[in-house]
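J.: pasting a predicted model and its sequence here:
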There are 4 protein chains.
Amino acid sequence: MIFILKPHATEQDAKQLLDQIEAAGLKPLYMPGVERTVIGAIGDERVLNSLHLDFHPLVDEVKPILSSYKLVSRELYPIDTRVKIGNFAVGGEAFTVIAGPCAVESQQQLDGIADYLTQHKVAAIRGGAYKPRTSPYSFQGLGEEGLKILKATSERSGLPTVSEIVDANDAELMAQYVDCLQIGARNMQNFRLLEAVGKLQTPVLLKRGMSATIEELLLAAEYIVNAGNPNVILCERGIRTYETATRNTLDLNAVAYLKQKTHLPVLVDPSHGTGVRDLVIPLSRAAAAVGADGIIVETHTNPAQALSDGHQNLDPQQFDDLMSSMKPFVEAAGRSL
Amino acid sequence: MIFILKPHATEQDAKQLLDQIEAAGLKPLYMPGVERTVIGAIGDERVLNSLHLDFHPLVDEVKPILSSYKLVSRELYPIDTRVKIGNFAVGGEAFTVIAGPCAVESQQQLDGIADYLTQHKVAAIRGGAYKPRTSPYSFQGLGEEGLKILKATSERSGLPTVSEIVDANDAELMAQYVDCLQIGARNMQNFRLLEAVGKLQTPVLLKRGMSATIEELLLAAEYIVNAGNPNVILCERGIRTYETATRNTLDLNAVAYLKQKTHLPVLVDPSHGTGVRDLVIPLSRAAAAVGADGIIVETHTNPAQALSDGHQNLDPQQFDDLMSSMKPFVEAAGRSL
Amino acid sequence: MIFILKPHATEQDAKQLLDQIEAAGLKPLYMPGVERTVIGAIGDERVLNSLHLDFHPLVDEVKPILSSYKLVSRELYPIDTRVKIGNFAVGGEAFTVIAGPCAVESQQQLDGIADYLTQHKVAAIRGGAYKPRTSPYSFQGLGEEGLKILKATSERSGLPTVSEIVDANDAELMAQYVDCLQIGARNMQNFRLLEAVGKLQTPVLLKRGMSATIEELLLAAEYIVNAGNPNVILCERGIRTYETATRNTLDLNAVAYLKQKTHLPVLVDPSHGTGVRDLVIPLSRAAAAVGADGIIVETHTNPAQALSDGHQNLDPQQFDDLMSSMKPFVEAAGRSL
Amino acid sequence: MIFILKPHATEQDAKQLLDQIEAAGLKPLYMPGVERTVIGAIGDERVLNSLHLDFHPLVDEVKPILSSYKLVSRELYPIDTRVKIGNFAVGGEAFTVIAGPCAVESQQQLDGIADYLTQHKVAAIRGGAYKPRTSPYSFQGLGEEGLKILKATSERSGLPTVSEIVDANDAELMAQYVDCLQIGARNMQNFRLLEAVGKLQTPVLLKRGMSATIEELLLAAEYIVNAGNPNVILCERGIRTYETATRNTLDLNAVAYLKQKTHLPVLVDPSHGTGVRDLVIPLSRAAAAVGADGIIVETHTNPAQALSDGHQNLDPQQFDDLMSSMKPFVEAAGRSL
């Protein structure tokens, strides 16, 4: 850790800090400059957090050297992690496609969607039973009834299921019904929820917060792994920017960057990442090309009657087009679909 | 609500939509243009949400006319709401100052801070017992022990208390210990939490999410009021932008805008809003000038030893300076301090 | 165009506006609602700009229906435009690769780079003679000397050249030396410069501004085409967001969106779009997959000694890797490399 | 300057860098850590730019210690600079108010506005003769005719004038007509323009770019001062964020921060900074409170007929209200109006 002192800090001031660094078991370094004095602390700088040297009135800036996450870092575990949802290994050779409606609406709706998904190599069916909605007047999901529908569809179709968890209390209940718990963008820093799913072994699909940095996403994953659950799948779903032509700005830089920094699998959500149905196919192709381990995409048998987010849903014909359009790009990336 | 149809939509297509609008009890309007056809729906457009006309394949864009919030809107309730924390009316003539440490650390720490706060006209003391921290390795708060310390300090000093709630389950427990529940930026769209505090009558200090729009903040407040708790105080605490010189960008436009659109009181958090101790005083003055109902500010007897966010804490001398520096601006705004 | 009136506007107020709309030759529409009155103007709404109805004190909001650009719109010209740089048709079947150093440094440097570029199917060599630099103390380019070097390298290697123009006065001079004029992100709204290159027939590579919306990019292109030069190539080069792990956030949503809205060719700059050498290859692959017409990428024989932006330059080996890594994705997109 | 090496860098690699630093006349520092090696360079790190050590393949990150601007820094010149526009000293005890229309439209229009401005303590009248407009179809200004109108109004009313320059070629011409040259947000990094006004002694009002960092604004000012013109006034005019309720997000953090870092005067533009007429007064009050040296505000005798930006213009009555509403805040800040 590097500390840049304020211009008027004296040698005496510096010595005090150096002593504190040494007392914490780190190697102190003194770098007096012409305009500014710089102090270094060599060792596991994470122990310095408890010293709060950054709040020292004579410290102008603190520059950490090490990343703040560990367990999810590729520096520590260089080998790719594979997370199994049912029998499907996310992060393996096969490109992951998770598809389904934004919200579970009825048994008939979900079975209808499962019917056409099973005609393709799909890893799992998704569908929300608890929907976090911006307005209290929007459809909030079917709750446990929705979970039962998911379970029934899964048993009938053989497809594993992914569904969003919005409350730490629901963790055990949901784990009985679904094969993978999704944490939505709005809850990426709901730390109680992260700890709750960290106590299970059920796979967790962790979506990047709407304006979360890549480092914050990795630290959110670190919460889950640190609590005991190594089965974490990351998901880029678009970030909030000034651009209004698309609902979000899909950050594929982040996908390539994450693949270099972490051993966890990384999916892309082109539905929320664009918010525009016509952009889902090109961005799915780009996701495959940039090195993502798969996509999670919204589909519906009748988008015009979807109870939420219909604007970005694919209908069966469009889903067919997506799969055949992605195929050569998935293969160019050395994977199968 | 206005619907702009795609260029190739026919008159026949338009008629279908017009019929659906009429069937929903709204007045339909047909506006065929040279390049595009536009359709209007006059009436309470919120009922249209269930029709999902926006997902119709021939609808290119939907432009709502009415705001999506109601109960918190000044159009419905033009009179300023006053929310009482203990005996102090937030939103009234007196300018609200809530101060205290980021985290409750010990009885001695909090009593020490209360001692100098009571020398000023302070509305309440703040302090976190449950701390939502980006990294799992940072100090997470004292939990219920912290709530007990808050209660004891409150009884000793006479100051009401404000503390952050991070889990819907804690609502009843916390309401027994503290006088105002804070919902932090990361939880602004934790809808379960909003509903939980909506079932109480304890005042809620709702912070704007890190990248929440003003409308989303008002809709989050609408969740609480709609669930039954009208005692909501809004708080602008800085938004995330590309600028890195300050930790966040304090959005005082939002404060002036909110005061025009809602009857709820609006506070400003200059500590998180800037993240830089030296900027707290000028931005507090600006908050008073722009029309905020008060500020919530981080103070500590010894910022260099604070267990979190020491970088932006004021020490007792700086807090004195803040209060005397703000006074003429508060008075210029027609209020008292 | 749709006008939403303020809540207290009367029928009388509405009539005034309707009369003005009619007098301008458009068809007025009156839509009195329960909470708000809405007024429509059907026809070429661009003529309404001169009426400034949006500034009317009783108008709360104005919602345009038509896009504000015309000449560059695919609605007007549905056929893809091909822009020739030398003999290479950008926007045609062959995927465009423009490569070269950030800045022209010497004849030897540029010839060295041209030597390895000519071993690949490269459309043109790029290199800046005039460098817009954030700091006045950074290398500012060789000026006309740099243009001469470009010309000499072009004659020797047969590669057409692309170079940035930063001043309207240089337009004629530069057009004598180079085959394509680049307008950099910082100058995307330097309207004098847009008009100056609009008077030539030399192809223009127009980069999206650092925080320009897609619509503003299209309007900047409209300036050039409207001034008489139809040979415009758009370029997505990353936008400024809150994320700091990468220098910019490459917006591939924008590329797919632009390909749908405009007939102009669209390139991607993965060097500036990421600012990180290790991300250039995956994002170039993604650019091909998303439907871009090509890439413009920074290369150098010795990145460690580049006079600017060396951090994101590819060396010859990395450029070879880029070309072979992109090939299957370019072909999957139905193009050749 | 601090260099963090990649994990696999050897002691040998580090030695090479240390030698280069020493050869450049700086003091090298070697800090081998457990996980990473860090290297320091003590001295005027700006000379290191030419070494391009940051592009070295073994350097992972570079952390500068010194700010990149000098001449505009308060560290070098601690005393506030006052810039005279006509007889008015911007940055002095009197709070600066510059007002006038977005665009000069006619002699009558400008004289009318000057008539009511002279009833107040206004420093100068503003008005654009050259308008940079997003669309080529919008009103582009009267050009030199507009400058003549400005000059005539100035002679008649005694008010000095401020007008925007958009082309380096116009510098000499404009300096003959107006008392202060404005550089607009879109041209903040038009370096040719910065250099051109740097060769004059006419005061320059430099607006922050729409998404420029504070450091980039200071570097743009450094260009002008470095070219020979010390008479620079900075202006915060709102930045582009995800928020759409207001046209821009006025960044008053930046104003307080700038006042600490630079000796140059800092104005605020609440008209563009909010884009909403009703927010101009509260944000002007906040600007005075936060420590700005003044404001620049758009006014018109008839906003509904303004040829550009009427939406944010104040009419004479509103301007009166602004002045009387700001007065107590200006005085609370220890200044006069």
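T.: Good, I have the coordinates.
J.: just checking, A:E22 touches A:I39?
T.: No - taking CB atoms under 8 Å as the contact criterion, A:E22 and A:I39 are not neighbours in contact, 11.2 Å apart. C-beta coordinates here come from the backbone N, C-alpha and C atoms, glycine included.
J.: ok, A:T81 to A:K259 distance?
T.: Counting by CB to CB, to the nearest Å, the gap between A:T81 and A:K259 amounts to 12 Å.
J.: also A:A24?
T.: Distance, A:A24 to A:K259, by CB to CB: 35 Å.
J.: could you check which of A:E22 and A:I39 has the larger neighbour count?
T.: Set A:E22 next to A:I39 and count neighbours by other CB atoms under 10 Å in any protein chain shown: A:I39 wins out with 24 against 12.
J.: contacts only, for the residue nearest to A:Y77 when sequence neighbours are not counted.
T.: Spatial nearest neighbour of A:Y77, chain neighbours left out: A:H263 (4.8 Å); criterion: CB to CB, 6 or more residues apart in numbering or on different chains. For A:H263, the set of contacting residues under the criterion of CB atoms under 8 Å, 6 or more residues apart in numbering or on different chains consists of A:V72, A:S73, A:R74, A:Y77, A:P78, A:I79, A:D80, A:T81.
J.: just to revisit the earlier point, which neighbours do A:E22 and A:I39 have in common?
T.: Residues within reach of A:E22 and of A:I39 at once, by CB under 8 Å, 6+ apart, are A:P28.
J.: related to what we said a few turns ago, top of the contacts of A:H263 by neighbour count?
T.: Taking other CB under 10 Å as the neighbour criterion, A:V72 ranks highest of the contacts of A:H263 with 27 neighbours.
J.: distance check, it against A:T81.
T.: Distance, A:V72 to A:T81, using CB to CB: 9 Å.
J.: quickly list what's touching both of these two.
T.: Going by CB under 8 Å, 6+ apart, residues that sit against A:V72 and also against A:T81 are A:V232, A:H263, A:L264.
J.: closest to B:A114 among these?
T.: If you rank the shared contacts of A:V72 and A:T81 by distance to B:A114 using CB to CB, A:V232 comes first, at 42.3 Å.
J.: now the closest one: phi and psi?
T.: Phi and psi for A:V232, reported as degrees, to the nearest 10, are phi -110, psi 130.
J.: just A:T299 next, same as before
T.: With angles defined as degrees, to the nearest 10, A:T299 sits at phi -140, psi 160.
J.: tell me where the stretch 201-337 of chain A has strands.
T.: Counting by DSSP state E, counting those that start in this stretch, residue ranges of the strands within the stretch 201-337 of chain A are A:204-207, A:232-236, A:266-268, A:294-298.
J.: right, and those - which one's nearest D:G228?
T.: Once the strands of the stretch 201-337 of chain A are compared by CB to CB, strand A:232-236 is nearest, at 48.6 Å.
J.: before we move on, the earlier item: can you list the strands of the stretch 201-337 of chain A in a markdown table and add distance to B:K131?
T.: Below are these laid out as a markdown table (distance: least, CB to CB, whole Å):
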| stretch | distance to B:K131 |
| --- | --- |
| strand A:204-207 | 21 |
| strand A:232-236 | 23 |
| strand A:266-268 | 29 |
| strand A:294-298 | 32 |
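J.: tell me which element A:I79 falls in.
T.: Using DSSP states H and E, no element contains A:I79; it sits outside every helix and strand.
J.: OK, contacts around it?
T.: Residues in contact with A:I79 (CB under 8 Å, 6+ apart) are A:H263.
J.: about what we covered before: name the nearest of the shared contacts of A:V72 and A:T81 relative to chain B.
T.: Sorting the shared contacts of A:V72 and A:T81 by distance to chain B puts A:V232 at the head of the list, at 13.0 Å, by CB to the nearest CB.
J.: nearest spatial neighbour of whatever residue of the stretch 101-250 of chain A ends up closest to chain B, skipping sequence neighbours?
T.: Taking CB to the nearest CB, chain B has its nearest neighbour within the stretch 101-250 of chain A at A:S211, 3.4 Å off. Once flanking residues are discounted, A:S211 sits nearest to B:S211: 3.4 Å by CB to CB, 6+ apart.
J.: and chain A, what are its domain boundaries?
T.: A:2-63, A:83-332 (automatic domain parsing).
J.: hmm, A:I224 is touching A:K199, no?
T.: No - with contact defined as CB under 8 Å, A:I224 does not reach A:K199; the gap is 9.4 Å.
J.: and those two? which has more neighbours close in?
T.: Set side by side, A:I224 and A:K199 show more neighbours around A:I224, with 26 against 15, by other CB under 10 Å.
J.: in contact with the more buried one, which residues?
T.: Shown in contact with A:I224 (CB under 8 Å, 6+ apart): A:L194, A:E195, A:V197, A:G198, A:V204, A:L206, A:V232.
J.: also A:V232?
T.: A:V232 touches A:V72, A:T81, A:V83, A:P203, A:V204, A:L206, A:A221, A:I224, A:V225, A:L264, counting by CB under 8 Å, 6+ apart.
J.: if we go to 6 Å?
T.: When contacts are counted by CB atoms under 6 Å, 6 or more residues apart in numbering or on different chains, A:V232 touches A:V204, A:L206, A:A221, A:I224, A:L264.
J.: any chance of TSV for the residues you listed, columns distance to D:H300 and pLDDT?
T.: Listed next are the contacts of A:V232 as TSV, based on distance: CB to CB, whole Å; pLDDT from 0 to 100:
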residue	distance to D:H300	pLDDT
A:V204	57	98
A:L206	52	98
A:A221	54	98
A:I224	57	97
A:L264	57	98
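J.: most surrounded residue in these?
T.: When neighbours are counted as other CB under 10 Å, the busiest of the contacts of A:V232 turns out to be A:L264, with 28 neighbours.
J.: surely it meets A:R82?
T.: No - with contact defined as CB atoms under 6 Å, A:L264 does not count as touching A:R82 (9.9 Å).
J.: now do the helices in the stretch 1-150 of chain A.
T.: Applying DSSP state H, counting those that start in this stretch to the stretch 1-150 of chain A gives helices spanning A:11-23, A:107-117, A:144-157.
J.: tell me which residues are up against the longest one.
T.: Spelled out, it's helix A:144-157. With CB under 6 Å, 6+ apart as the criterion, helix A:144-157 contacts A:V104, A:Q107, A:L110, A:D111, A:A114, A:T118, A:G127, A:A129, A:T161, A:S163, A:Y177, A:V178.
J.: the last one and D:I65: what is the separation?
T.: To tie it back to what came earlier, the one meant is A:V178. Summarising the geometry, the distance separating A:V178 from D:I65, computed by CB to CB, is 51 Å.
J.: before we move on, what about the fourth one?
T.: Summarising the geometry, the distance separating A:D111 from D:I65, computed by CB to CB, is 63 Å.
J.: what about those two, which has more around it?
T.: Looking at A:D111 and D:I65 with other CB under 10 Å, you find the greater number of neighbours at D:I65, namely 22 against 15.
J.: wait, isn't the more buried one in contact with A:I4?
T.: Yes - counting by CB under 6 Å, A:I4 is a contact partner of D:I65 at 5.5 Å.
J.: what touches both of these two?
T.: Overlap between the neighbourhoods of D:I65 and A:I4 consists of A:R36, taking contacts as CB under 6 Å, 6+ apart.
J.: spell out which parts of the stretch 51-200 of chain A neighbour chain C.
T.: The stretch 51-200 of chain A has no residues near chain C, with proximity defined as CB under 6 Å from any CB of the partner chain.
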